[in-house]
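Colleague: what's the 3D shape of this:
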Amino acid sequence: MTEKKPRVSIGMPVYNAERFLEQALDGILAQTFTDFEVVISDNGSTDSTQAICQRYAAQDPRIRYHRLPSNIGVSRNFNRVFELSSGEYFKWCAHDDIPKPTFLEKCVAVLDQRPEVVMCYTKGIDIDESGMELRYFTYTLDLDSPDPVKRFHDMTLYEHPMLTLFGVIRSDALRRAGLMEHYPVSDRILMGRYALLGRIYRIPEYLHLNREYPGRSVKKYGDSYRLMAMYNPEKAGKTTFPNFAMLWGYIRAIFAYPLSLRQRIGCLRVLWQWAYPRERKFRRDISRAIKKPLRPLYHKLRPSRRPPIEA
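Modeller: The predicted structure is shown next:
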């Protein structure tokens, strides 16, 4: 007999997640919609993450725990949980965020009723380390528009906290869109591809608790050059072009889908609006690439600043 597949797969990539992991798993297990699996991929954690995951997996058969022998990077681990999933719908869940109990129920209902919608997400609330509410996100993106240029415009040009990434997605649509690429902020490029692929609906309820605290990786690692090694350990210490990688990712997205000529030109105009204010960042990519091989020579030839030794 073929094993019944769950309606929803929840993918949780984790690395040294012991601090908030139990709260996130409790939030998932408290969902009113119960036909789901939880796929955890542990990126070689060195804290108590493994023990916590194994304890929860022993208590609930819907939880599947996989451990990697070493860290393969953020984006590859995000992709891995999807590759290990089997559900009709898919949701990424961060180890430090908490979905409210009706999150899955409300999102699945929309996807069941509206086949033209490829993803459904909800409003969100920032919470701090103790779970205290900090602010309610009030931004508005027109991602449910029938016009792919409008969706791409809003997803790409407006600043927003990327709550779309943690919505419920049609698994077959995610396969068509492609998974996360291996450079910083590649989740935004993935969501840009999603906006071109189909309509995205936001439930007007605050059902996503987004953890905001100093220890978050984006705050911890700072600029995109340091983040590159976190996303792709193979790039550690090497010359990288993260801003050009983003630009190329958006260009590939625009030419990946069967848009009309008018729509493609409209998306390229949007991309120009995105790229033009980032001129300095592109120049910095080039400048760093030129300076890096010259740096050892500079230090070698630089006159010593030590004071002369007196006789």
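
Colleague: can you pull out the strands in the stretch 1-150 of the chain?
Modeller: Per DSSP state E, counting those that start in this stretch, the stretch 1-150 of the chain has strands spanning 8-14, 36-42, 63-67, 89-92, 98-99, 117-127, 133-136. These are given in chain order.

Colleague: run the chain-centre distance for the last one.
Modeller: This points to strand 133-136. Computed by Cα atoms, centre = their mean, to the nearest Å, the chain-centroid distance of strand 133-136 equals 21 Å.

Colleague: the fifth one too?
Modeller: Averaging C-alpha coordinates over strand 98-99 and over its chain gives two centres that are 16 Å apart (Cα atoms, centre = their mean).

Colleague: can you check stretch 209-216 too?
Modeller: Per Cα atoms, centre = their mean, the centroid offset for stretch 209-216 relative to its chain is 14 Å.

Colleague: as TSV, the strands of the stretch 1-150 of the chain with distance to residue 27 and mean neighbour count would be great.
Modeller: C-beta coordinates here come from the backbone N, C-alpha and C atoms, glycine included. Below are the strands of the stretch 1-150 of the chain laid out as TSV (distance: least, Cβ to Cβ, whole Å; neighbours: other Cβ atoms under 10 Å):
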stretch	distance to residue 27	mean neighbour count
strand 8-14	10	25
strand 36-42	11	24
strand 63-67	13	17
strand 89-92	12	25
strand 98-99	4	22
strand 117-127	11	21
strand 133-136	15	11
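
Colleague: and these as JSON lines, adding mean pLDDT?
Modeller: As requested, the strands of the stretch 1-150 of the chain are arranged in JSON lines below (pLDDT from 0 to 100):
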{"stretch": "strand 8-14", "mean pLDDT": "98"}
{"stretch": "strand 36-42", "mean pLDDT": "98"}
{"stretch": "strand 63-67", "mean pLDDT": "98"}
{"stretch": "strand 89-92", "mean pLDDT": "98"}
{"stretch": "strand 98-99", "mean pLDDT": "98"}
{"stretch": "strand 117-127", "mean pLDDT": "97"}
{"stretch": "strand 133-136", "mean pLDDT": "94"}
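
Colleague: counting neighbours, what do you get for residue 97?
Modeller: For residue 97, the tally of surrounding residues (other Cβ atoms under 10 Å) stands at 20.

Colleague: please read the previous query as pertaining to residue 161.
Modeller: Residues lying near residue 161 (other Cβ under 10 Å) number 14.

Colleague: I figured it hits residue 124, correct?
Modeller: Yes: look at residue 161 against residue 124 with Cβ atoms under 8 Å: they come within range, at 6.7 Å.

Colleague: redo the strands of the stretch 1-150 of the chain as JSON lines? Include distance to residue 234.
Modeller: What follows is the strands of the stretch 1-150 of the chain, written out as JSON lines (distance: least, Cβ to Cβ, whole Å):
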{"stretch": "strand 8-14", "distance to residue 234": "18"}
{"stretch": "strand 36-42", "distance to residue 234": "18"}
{"stretch": "strand 63-67", "distance to residue 234": "20"}
{"stretch": "strand 89-92", "distance to residue 234": "23"}
{"stretch": "strand 98-99", "distance to residue 234": "33"}
{"stretch": "strand 117-127", "distance to residue 234": "30"}
{"stretch": "strand 133-136", "distance to residue 234": "36"}
